[in-house]
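Q: Structure of the sequence below:
(chains A, B, C, D, E and F)
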Protein chains: 6
Amino acid sequence: MRLNQLKQRFQSGEGVVNGWLSLPCAFAAEIMAHQGWDSLTIDMQHGLIDYADLLPMLIAISTTDTVPLVRVPSLEPGLIMKVLDAGAYGVIAPLINNAQDARALVAACRYPPLGMRSFGPHRAMLYGGADYATHANAEMLVLGMIETREGVANLEEILAVEGLDGIYIGPADLALTHGFTPGFDHPDGPMDDLIQQLIERTRRQGKRVGIHNGGAAHARSMLTRGCDLVTVGSDARLLATGARTLLEAMERTTHHQEGY
Amino acid sequence: MRLNQLKQRFQSGEGVVNGWLSLPCAFAAEIMAHQGWDSLTIDMQHGLIDYADLLPMLIAISTTDTVPLVRVPSLEPGLIMKVLDAGAYGVIAPLINNAQDARALVAACRYPPLGMRSFGPHRAMLYGGADYATHANAEMLVLGMIETREGVANLEEILAVEGLDGIYIGPADLALTHGFTPGFDHPDGPMDDLIQQLIERTRRQGKRVGIHNGGAAHARSMLTRGCDLVTVGSDARLLATGARTLLEAMERTTHHQEGY
Amino acid sequence: MRLNQLKQRFQSGEGVVNGWLSLPCAFAAEIMAHQGWDSLTIDMQHGLIDYADLLPMLIAISTTDTVPLVRVPSLEPGLIMKVLDAGAYGVIAPLINNAQDARALVAACRYPPLGMRSFGPHRAMLYGGADYATHANAEMLVLGMIETREGVANLEEILAVEGLDGIYIGPADLALTHGFTPGFDHPDGPMDDLIQQLIERTRRQGKRVGIHNGGAAHARSMLTRGCDLVTVGSDARLLATGARTLLEAMERTTHHQEGY
Amino acid sequence: MRLNQLKQRFQSGEGVVNGWLSLPCAFAAEIMAHQGWDSLTIDMQHGLIDYADLLPMLIAISTTDTVPLVRVPSLEPGLIMKVLDAGAYGVIAPLINNAQDARALVAACRYPPLGMRSFGPHRAMLYGGADYATHANAEMLVLGMIETREGVANLEEILAVEGLDGIYIGPADLALTHGFTPGFDHPDGPMDDLIQQLIERTRRQGKRVGIHNGGAAHARSMLTRGCDLVTVGSDARLLATGARTLLEAMERTTHHQEGY
Amino acid sequence: MRLNQLKQRFQSGEGVVNGWLSLPCAFAAEIMAHQGWDSLTIDMQHGLIDYADLLPMLIAISTTDTVPLVRVPSLEPGLIMKVLDAGAYGVIAPLINNAQDARALVAACRYPPLGMRSFGPHRAMLYGGADYATHANAEMLVLGMIETREGVANLEEILAVEGLDGIYIGPADLALTHGFTPGFDHPDGPMDDLIQQLIERTRRQGKRVGIHNGGAAHARSMLTRGCDLVTVGSDARLLATGARTLLEAMERTTHHQEGY
Amino acid sequence: MRLNQLKQRFQSGEGVVNGWLSLPCAFAAEIMAHQGWDSLTIDMQHGLIDYADLLPMLIAISTTDTVPLVRVPSLEPGLIMKVLDAGAYGVIAPLINNAQDARALVAACRYPPLGMRSFGPHRAMLYGGADYATHANAEMLVLGMIETREGVANLEEILAVEGLDGIYIGPADLALTHGFTPGFDHPDGPMDDLIQQLIERTRRQGKRVGIHNGGAAHARSMLTRGCDLVTVGSDARLLATGARTLLEAMERTTHHQEGY
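A: Presented below is the predicted three-dimensional model:
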């Protein structure tokens, strides 16, 4: 079976640089996959991407060695299993607030006896190899998002769920649920402290930490502060900021969009 | 932020005339949007429309001032959040039977602290503006469908849920769950009485009422009887009835389809 | 092989009532096909329809007995052959101005020795039957559009081309090329005379005449005036006019679109 | 209303031969539908098929008399109702472990008072007829998958749920949850015994049994052993095995894929 | 009718800043359209974009005031007319080598008597207004690409063709046909001289000049050197260069792609 | 640049085993690509495949080492260039009847000075490498189909066109244009003689010969008889024949389709 390079990087202590895909476009995904990301996460939660878009995007990433991950929109098990059958090598799930949520996530991602994933990895076997089913439980990366007060409080019980590889920190939602303005890269203050505590509590239990970042400088600092996987840059944001930079150079007043 | 014209019409006491989209076709949506509806509802429940179809349809409606709404197929929160992120300015959800259902609907539609909507309004910010997140809780229209005996019985507790703007009456399902033949525009009798009671109980709590209608005459009467939003005409039905009218004028015996 | 019902209607002297599809939407095509049209023409010229849309539309029409025709955007032979391989039972081609154009059209639509159509009717055999290739030259309807002064002048040489079943009159373009405002249903005057002459000259050579109409009354009159096939009603126009009628009944001022 | 030929075959004691669709491709579905299967099941669970793919596939099957079934990915009610509204004449649902699961499945598939299916069978009425709503509860086939130890233990309470037509046996998952290697066609041993018991216990309660098979020989034996519906052959597997057979005949060493 | 803002900018002596779209993705087009470009050109020649992709992209651009242009892949008239009917407000056509090519381009883009464009501007009327047909000949921008030795030699006869608004210079192909390496922004030397001559010869005949540029600095200089429209930046290139910049900041060695 | 493995096989005297794709389905293409074909040809002529389908299919094949070829529907240059820009490593073109046709084909496939291919190989550079443009003329395989009496007569002048790699024999059309029933694998008689002559005349000029076959035995014999590339098996036919074999084993009378 094709091994999950992310797990191998984790074990060797190398950080993972992850890109982000929000455009429902296989060719955009293929361009991104050729630039050298360790992994690319297709965002089915806030990206404009449905399962019918996901499939050609996963195929496009499979033309390279970049590892394909998917952020799912909810814990609905049918979709999570479809995402893995389609060849995603990892799942990031939103709103893991307690051990029950974490168990539901693991149930959808792991074959029995560890979970309840149903058997039928059609495209996953093309991508991973004929012995996919034997090794999938070990190779698939499963991360739960900690983004609420409840999730923060229950971190240890969440991490204790067998089959969960670790957490993914979404600073925007974490800020929102803690009464702050959503955004990335909070250099100081309570959000930064909270994030540091999440990292340390997770590492203490031997699990992995991924985090969303606004820019490369912050992402690099998060690698030194204990994160295993850092996301930096999304296709949609690269498009918008790149265009604005050009238009400013052309002295066009742009319709400024804070969104990206 | 682009304000929700429907809320403004409600406040000024003007009724809203809403069209209905069942065809998975962005160009059909764009044609409809140019005809002058106050709002168009993309029906993801009984319409033949998936999220991959929804996105270009929302874009098509955004070429005009018509307000885009979406009826979702269930309370699955992942899809509801995706629909709003894609730029819908309101959600109609089926089968709201009690306060718990209403709270689940509000949780998916409103940002914290009112709900649990996750942050990432990518297309919504293009459509609504850079300050979308600040105003979205106030501007998004959230209506729950009352269509069962349980929902009718629990109307007051449903309406008491903070963040729910009102109800949407689906006469066909309401008839079916009350032992009548599904259909629209029941001019007299128990269904009509039941609908009138729903309108009055809802207005008494200061909430909004929308209703599905079979024809314009009935829709106009419902505006005078206290409804805030009336749906009349769907793309699929306009197509079928328009074609049948032409074929009858051509003296062709048509395969009569009651469906539309 | 499934016989072409249109040819059978022609032979029995019955007129054909043809509907028109401009929306790139298989479900809209299926709704239309269930209403009782003798044939439906998928308009790849002015409709918003590409080959990728055409295929599911042809499949949708094949759920009924309605005969599927396609208007192609030009005489490019690759697309015409693809349209027939996909199961269209007839082709209407624009801008047939002389015998050379007509021969090019026939070459693309007929197998050798009559034409140069290449062999590979994959979906056409599913729809038409295993002996499709043997009978296709006889069953496929091939109509050339007469819409320029040159086409009008050369009508006899055009009709003399073996393998061409007849002409299709597009009154809008015919008016435009003769210095009149484009439109349908010219009740009197020079355009009406011109159309009548085209009908008569074509019938004199024993060929078929189809015509585009604005409304049912005009279409019925054209059947009595010698046309074999009359088009009335398009999906896009039914949608727009149906919506406007409803909105007028709701006393909404509509954005009036002359386009449909 | 178009009757469900599968129910008629069941009543006459004839077995149903069911094919399986995993490719998101309407034309592949149409080819399969023309080969003579009694029914074709579109697999939305492990097939690479989303609702946006399902709709044209259902239309493609509707060009023939083959009965369209759908395996759904989970018990999420919104999708199950959409599948039926789109014209599926039966639903196979995974992971029915107890009476509560069975009731949830029936609730999504049957109109009140038997279930909670919402009214709006837009394409279903085109396919089934104008009186679809009156007869749908009787005609739609609803099968629950028994694939866990819990499901096996609770079989009788599952079968006792009114509105469930029977069970569908997935040998691969059943093996996996019982500690065996996933696969089909276990000729002897404990899995074969378990399957035989499931068949007999189900027939004892007068319900139907369907089963997935690896090959025709096994499928035929299952018909004699009491199954009502046998699945044999999937489009994806036919493609892969057919290609490998050809390549072996060409003396090409193939990349052997166990997946199909 | 909605006027073509580009023609108004030309007349007022303001340069046009044009962006470029190569990704077949309506949402990417909508993001780009919100950044403030005067126009966006959808590249159907070298972009990965078919007509089925074009339609939702044109709709997406129509949510803003950015003017939509299309570069067509060849002079095939069927596609050029479809592009205009779909609402493009201008066409850039490759390989205009002589007056005959220019006349073929004009014939496809202009209504009679100036050209042979067929009447049926379905989406164009939604976008442009009900009086589209009356003003389309004046408002549509038609540019021919000069990219061969033959085209350079015949520039004056090309520009003399009535209905052609001007030329578009593709430096990559121009270099290739003149024996140089394809690329943009040749600061000195024979290619730069050649381009300057093309600009001056075109302006002498009172026609417009557009040009493709590699970067903003060059684009700005071309505006001062007499160009009316400068293209800078494509979605695909913004994505690739933006990602590489980020990955370099993350100290990832990238798979360097010269392509973008 | 990624070298064209087919050209390397030709030079080493190994035959190429080519598969055929007629289904518009990226996942079907990916399954096929994993089975071990030397090359796969996406058939845009008689396959049900448009450019919008082609792009994800080419991406899917690029997940393996199988070489992607495309048969185009005609000599329309815009599409041929798009096919190559999308990453096809070779083109098979129908109906090459004389040297002029062959020159038109070469013009569309080769960069100047050999041809007129326009520069912009966006996806081709992702697939082939950053130096694609330098080597593309040498690596792209260009084959013209000989399928008419005229083409047979003009074979030597066709083969003399610089930039044409050889011919592809379509026995079905060749039979049709010579007055025989279309089909493959004519073991004896005049068609077989004609094919043998084509092979020998082509080899005499040092060019390559490809041929379509019905079965593996015939394909193997054609390799020994001088062909360089043999096509055997199409996805659509594998599906149909595989299903029929299963249904016969199930003792179902099938609707026999000769088409596949």
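
Q: mind listing the strands for the stretch 151-260 of chain A?
A: A:166-169, A:208-213, A:229-234 (DSSP state E, counting those that start in this stretch).

Q: Of all those, which one is nearest chain E?
A: Across the strands of the stretch 151-260 of chain A, chain E has its closest neighbour in strand A:229-234 (4.4 Å, Cβ to the nearest Cβ). For the C-beta atoms, the positions are set from N, CA and C on the backbone; glycine is no exception.

Q: near chain E, anything from the closest one?
A: Yes. Using Cβ under 8 Å from any Cβ of the partner chain, strand A:229-234 reaches chain E at A:230, A:232-233.

Q: circling back: hey, which of the strands of the stretch 151-260 of chain A is tucked in deepest?
A: strand A:229-234 (a mean of 27; mean count of other Cβ atoms under 10 Å in any protein chain shown).

Q: So which other helices or strands are in contact with that one?
A: strand A:16-21, strand A:39-43, strand A:208-213, helix A:216-224, helix E:235-249 (3 or more Cβ pairs under 8 Å, 6 or more residues apart in numbering or on different chains; DSSP states H and E).

Q: show me what contacts A:Ile61?
A: A:29-30, A:33, A:40, A:42, A:68 (Cβ atoms under 8 Å, 6 or more residues apart in numbering or on different chains).

Q: Can you report how many residues lie near the residue in the stretch 151-260 of chain A positioned nearest to chain D?
A: Across the stretch 151-260 of chain A, the shortest distance to chain D (Cβ to the nearest Cβ) belongs to A:Gly163, at 15.7 Å. Residues contacting A:Gly163 under the criterion other Cβ atoms under 10 Å in any protein chain shown number 16.

Q: Nearest spatial neighbour of it, chain-adjacent residues omitted?
A: Spatial nearest neighbour of A:Gly163, excluding adjacent residues (Cβ to Cβ, 6 or more residues apart in numbering or on different chains): A:Val106 at 3.7 Å.

Q: one step back: and which of the contacts of A:Ile61 is nearest A:Arg2?
A: A:Pro68 (11.2 Å; Cβ to Cβ).

Q: my guess is that closest one meets A:Val91, correct?
A: No. In this structure, A:Pro68 is not within contact of A:Val91 by Cβ atoms under 8 Å, at 10.7 Å.

Q: so what's A:Lys32 up against?
A: No Lys there; residue A:32 is Met. A:19, A:21, A:40, A:235, E:239, E:243.

Q: and the second one, what are its bridge partners?
A: In other words, A:Leu21. Beta bridges link A:Leu21 to A:Ile42, judged by DSSP bridges.

Q: The least confident helix or strand in chain A by mean pLDDT near chain B anywhere?
A: Lowest on mean pLDDT, DSSP states H and E among the helices and strands of chain A sits helix A:171-177, with a mean of 92. Yes. Helix A:171-177 is in contact with chain B by Cβ under 8 Å from any Cβ, via A:172-173, A:176-177.

Q: what's in contact with that helix?
A: A:94, A:145-149, A:152, A:181-186, A:191, A:194-195, A:211-212, B:111-112, B:118-120.

Q: Dump that helix to PDB, keeping only the CA atoms.
A: This file holds the C-alpha atoms of helix A:171-177, laid out as PDB (Å, rounded to 0.1, in the frame of the first residue of the first chain):
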ATOM      1  CA  PRO A 171      -8.300  30.100  14.900                       C
ATOM      2  CA  ALA A 172     -11.200  31.900  13.300                       C
ATOM      3  CA  ASP A 173     -13.900  29.800  14.900                       C
ATOM      4  CA  LEU A 174     -12.000  29.500  18.100                       C
ATOM      5  CA  ALA A 175     -11.900  33.200  18.400                       C
ATOM      6  CA  LEU A 176     -15.600  33.600  17.500                       C
ATOM      7  CA  THR A 177     -16.700  31.100  20.200                       C
END
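
Q: Looking at the contacts of A:Met32, which is nearest D:Ser12?
A: A:Leu21 (52.7 Å).

Q: State the number of residues packed around that closest one.
A: Around A:Leu21 there are 30 other residues, counting by other Cβ under 10 Å.

Q: same thing with A:Gly13?
A: Neighbours of A:Gly13 using other Cβ under 10 Å come to 7.

Q: so where does it fall, helix or strand?
A: In the assignment (DSSP states H and E), A:Gly13 maps to no helix and no strand.
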